[in-house]
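>>> Give me a model of this one.
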Amino acid sequence: MRTIQVLSIVLSIAGLALGYSALTNAEGESGSAASSMGLLLMFVVFPCLGAAALLSISSTVTLLSSKVRDKSHFKGRFWFGVLGINSLLSLGYMLVAIYLAFIWFTTV
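Numbering: from 1, shown residues only. So this is what the prediction gives:
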């Protein structure tokens, strides 16, 4: 469980960093360079963030139980800090999903 929590943080940071660097470098580029940035976003950044969301939400909900935390040796300030960061990430991912669903249903 600890590996999943750390992996979701690493995937989130990697996805956000790649997305940021792709979007800042896309300004003023030609058409082919901009389309390659779109492919980078579509095939690297979004799957990276999607995997991070799935891992983060599922493991954070599982770790709400104190029995599971004790069983997986999820103790100490560092691991509770990791759980807190993932809780915030999970909340952010769920809010983005709710917002996208709201936009989807209001435009259809």
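>>> give me the low-pLDDT residue ranges for this protein?
The chain contains residues with pLDDT under 70 at 26-29.
>>> ok, longest helix in it?
The longest helix of the chain (DSSP state H) is helix 77-107.
>>> Buried by neighbour count: which residues of that one qualify?
79, 82, 83, 85, 86, 87, 89, 90, 93 (16 or more other C-beta atoms under 10 Å). Every residue, glycine included, has its C-beta placed from N, CA and C.
>>> Can you lay out those as JSON lines showing distance to residue 13?
Formatted as JSON lines, the buried residues of helix 77-107 follow (distance: C-beta to C-beta, whole Å):
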{"residue": "79", "distance to residue 13": "18"}
{"residue": "82", "distance to residue 13": "13"}
{"residue": "83", "distance to residue 13": "16"}
{"residue": "85", "distance to residue 13": "10"}
{"residue": "86", "distance to residue 13": "12"}
{"residue": "87", "distance to residue 13": "16"}
{"residue": "89", "distance to residue 13": "10"}
{"residue": "90", "distance to residue 13": "15"}
{"residue": "93", "distance to residue 13": "14"}
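>>> Can you tell me which of these is nearest residue 39?
Among the buried residues of helix 77-107, residue 93 lies closest to residue 39 (C-beta to C-beta), at 23.1 Å.
>>> What residues does the closest one make contact with?
Going by C-beta atoms under 8 Å, 6 or more residues apart in numbering, residue 93 touches 52, 53, 56, 57.
>>> redo that, cut-off 10 Å
Residue 93 sits next to 8, 12, 49, 50, 52, 53, 54, 56, 57, 60 when contact means C-beta atoms under 10 Å, 6 or more residues apart in numbering.
>>> from those residues, which would you call buried?
Applying 16+ other C-beta under 10 Å to the contacts of residue 93 flags 8, 12, 49, 52, 53, 56, 57, 60 as buried.
>>> Max pairwise distance over those: which two?
49 and 60 (15.6 Å).
>>> Let's see which of the buried ones among the contacts of residue 93 end up in helices.
8, 12, 49, 52, 53, 56, 57, 60.
>>> I'd say the fourth one and residue 86 touch.
Yes. The pair formed by residue 52 and residue 86 meets the contact definition of C-beta atoms under 10 Å, at 9.4 Å.
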